[in-house]
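Novice: Next comes the sequence, and after it the predicted model I'd like to discuss.
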Amino acid sequence: MKRILKLFIIVLPLVCLQGCQKWLEATSSSQISGEQLFSDRAGFHEALSGVYMLMGSTSCYGRNYTWFVNELTASPLIPQNGNIYQQLQNQKYTNAVSFPYFESMWESGYNVIANVNKMLLELENHRDVITDDLEYSLIKGELLAIRAYLHFDLLKMFGLPSWDGENASKLAIPYVTVYQKEPSVQHSYTETVALLNADIDQALELLAVDPIRGSVPEGFDEALNADGFWSRRTFHLNWYAVRALKARVLMWQKKYDEAAALAREILDETLEKEVVHWIDPVEQLNTIKNDDRDYTFSCEHLFTLEISDYFDIVSEYFFKEAGNGSNNLLLSSEVVFNLFQSPYIYTDEGYTTLVGDIRGPAMMLTYGQSGYRINKYFSSSSGTYRNRQPMIRIAELCMICAEVAIRKGDLDTAADYFNMVNSHRGVEDKVTPKNSILGQSPHIFFWEEFVREFIAEGQIYYLRKRCGRYLTDSASNVVVELFPFELDLLYPYPTEETSYGHIQEK
């Protein structure tokens, strides 16, 4: 098989990260001795925190993987003043403006994976430091989950939209499972998905006694959690979040019934155990100070990335004053009107609107001179909910169940899940399966509801790439056009990976 030329595991065993004491003791080459870092439990905790910090870089989930590159290529988001970011929106991926973004996205993803594999190696080499079996399982489980999470998103971005049929035997992205100097080989899509699922399943097995489940042994807090490291589990890839990741993978494998059953199970259990809870739209609307509003609905997050100084990063793109040099990313008045203000929902009582929806102008969107600003990431240095990037939310579980129901022609169930979300978004009237959208099919309502819920999170890109132009299901013979045309959402491999034949083109 062809080999990948360059991975950061060759040149960056572990990078120096701000905020972790021992990382700051790095040598002048920005590397740190494994013996020094992993000489005690705190070192492993710091290194694991460092991996999450790497995930929050601007080349990764702190910008490009979420509300910037992925959003511009697939969502209704528009750049102000016709700036260079329109190249991304127009799917011009290989020009001098766009291509460096994809190179950095590839490199940052594999950099995280390299650090994970380095940690896994050190974890095995230092069992004399991590002596408790439960702590060993928690650390290893999270690391395997992170490795799966990154590979999955890299596969979705740089891989083909369909993994079965004639594509099953084609070569996918390299799935890197070891820390070594030798380049990693590409595997087929079938083999790559098997490796992905193996990491997820092993992570779930290791995280079976996750503190988030309330099942830790007696004395856990005193022995292993005196510093609180294993608290705030939704800021780590926990057992529930990894199960939700598995549901995502099942959707891409077209195992829809399995995905919906798992999503429903996670939803029921996490709400019942109060791992998460739905946002209160009335409370949010009655909150006067923007800093006190939970704009990302963080109480609904199964997995959140905490990114230092995040507001400073997003301000350049969402909150900069309009005028010369403004690069704000906005929604047009037409898009907002269609999503929130046109009277298109039909109920038994007549037509209604989504004017009160807190995802729209009622709270989340603010009109300016050139369009609507998205406040999803608004906060200041004193904000209660600052620095949070949603990674997995319970609303996504509802969307999985709704999509699968629509594919099967079960519109009653789909409406139930739409209403479950809308009832916590300030929408008073219920969607009904009978002509629920004036002049539109439930499939189109699903797409618009997904945009309302996940704008500026990068998830719209993944939905459009997975579904393509049509929402279809061979079992029910449902074939409905979602979009008038299909977007090119296949990102190019970096030149260094292809120009010398070290990785095979798609």
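Specialist: Structure's in. What do you need?
Novice: Low-confidence regions, the stretch 201-350 of the chain specifically.
Specialist: 322-326, 341-350 (pLDDT under 70).
Novice: For it, just list every one of the helices.
Specialist: Ranges of helices in the stretch 201-350 of the chain, per DSSP state H, counting those that start in this stretch, are 220-223, 239-252, 256-272, 281-286, 310-318, 333-336.
Novice: And the longest one, what's buried?
Specialist: So that's helix 256-272. Y256, A259, A260, L262, A263, R264, I266, L267, T270 (16 or more other CB atoms under 10 Å). The C-beta positions use only the backbone N, C-alpha and C, and glycine is treated the same way.
Novice: can you give me the offset of that helix from its chain's centre?
Specialist: For helix 256-272, the gap between its own C-alpha mean and the chain's C-alpha mean amounts to 18 Å (CA atoms, centre = their mean, to the nearest Å).
Novice: That helix vs helix 239-252, what angle?
Specialist: Using axes from the mean of the first three to the mean of the last three CA atoms, to 10 degrees, the inter-axis angle of helix 256-272 relative to helix 239-252 is 160 degrees.
Novice: helices or strands up against helix 256-272?
Specialist: Counting contacts by 3 or more CB pairs under 8 Å, 6 or more residues apart in numbering; DSSP states H and E, helix 256-272 packs against helix 239-252, helix 394-407.
Novice: Then the fifth one?
Specialist: Secondary-structure packing of helix 310-318 (3+ CB pairs under 8 Å, 6+ apart): no helix or strand packs against it.
Novice: ok now do the nearest residue to I307 once chain neighbours are set aside, which residues does it touch?
Specialist: Distances taken as CB to CB, 6 or more residues apart in numbering put G56 closest to I307, at 3.8 Å, once the chain neighbours are dropped. Counting by CB atoms under 8 Å, 6 or more residues apart in numbering, G56 touches G62, L305, E306, I307, S308, Y310, Q389.
Novice: and if you look at W239?
Specialist: Here W239 is in contact with G141, L204, L207, A208, D210, I212, R213 (criterion: CB under 8 Å, 6+ apart).
Novice: Kindly recompute the last result at 10 Å.
Specialist: 138, 141, 145, 203-204, 206-213, 215, 233, 266, 275, 302 (CB atoms under 10 Å, 6 or more residues apart in numbering).
Novice: sorry, back to before: quick one: which two of the contacts of G56 are the most distant?
Specialist: Using CB to CB, the contacts of G56 span at most 11.4 Å, a distance reached by S308 and Q389.
Novice: so which of the helices and strands packed on helix 256-272 comes closest to P281?
Specialist: Minimum separation from P281 across these (CB to CB) falls at helix 394-407, 13.0 Å.
Novice: ok so, going back, any chance of a PyMOL selection covering the buried ones in the contacts of W239?
Specialist: Selection command for PyMOL covering only the buried members of the contacts of W239, criterion 16+ other CB under 10 Å:
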select buried, resi 138+141+145+203+204+206+207+209+210+211+212+213+233+266+275+302
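Novice: measure the residue nearest to I307 to G50 for me?
Specialist: 11 Å (CB to CB, to the nearest Å).
Novice: T234 now?
Specialist: Taken as CB to CB, the span from T234 to G50 is 19 Å.
Novice: before we move on, what about S379?
Specialist: For S379, the distance to G50 equals 23 Å [CB to CB].
Novice: buried set for stretch 407-424?
Specialist: Judged by neighbour count (16+ other CB under 10 Å), stretch 407-424 contains these buried residues: 407-408, 411, 413-422, 424.
Novice: got these as CSV, with distance to I400, secondary structure and pLDDT columns?
Specialist: As requested, the buried residues of stretch 407-424 are exported to CSV (distance: CB to CB, whole Å; DSSP: H, G, I helix; E, B strand; the rest coil; pLDDT from 0 to 100):
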residue, distance to I400, secondary structure, pLDDT
R407, 11, helix, 87
K408, 13, coil, 87
L411, 16, helix, 84
T413, 12, helix, 91
A414, 11, helix, 89
A415, 15, helix, 87
D416, 13, helix, 91
Y417, 9, helix, 94
F418, 13, helix, 91
N419, 16, helix, 90
M420, 12, helix, 95
V421, 12, helix, 95
N422, 16, helix, 92
H424, 17, coil, 96
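Novice: mind listing what the closest residue to L250 other than its chain neighbours touches?
Specialist: Spatially, and ignoring its direct neighbours in sequence, L250 is nearest to A259 (3.7 Å; CB to CB, 6+ apart). Contacts for A259 were tallied using CB under 10 Å, 6+ apart; they are 246-253, 397, 400-401, 403-404.
Novice: So for G109, which of the helices of the stretch 201-350 of the chain sits nearest?
Specialist: Among those, helix 239-252 sits nearest to G109 (CB to CB), with 15.4 Å.
Novice: tilt between the closest one and helix 394-407?
Specialist: Using the same axes, to 10 degrees: helix 239-252 against helix 394-407 is 30 degrees.
Novice: And helix 239-252, what's buried?
Specialist: Per 16+ other CB under 10 Å, helix 239-252 contains these buried residues: 239-252.
Novice: got it, and stretch 283-294?
Specialist: Q284, D291, R293, D294.
Novice: any chance of the residues you listed in CSV, with distance to Y462 too?
Specialist: CSV is the format used below for the buried residues of stretch 283-294 (distance: CB to CB, whole Å):
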residue, distance to Y462
Q284, 27
D291, 31
R293, 27
D294, 24
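Novice: with these in mind, which one is nearest to S188?
Specialist: D294 (43.4 Å).
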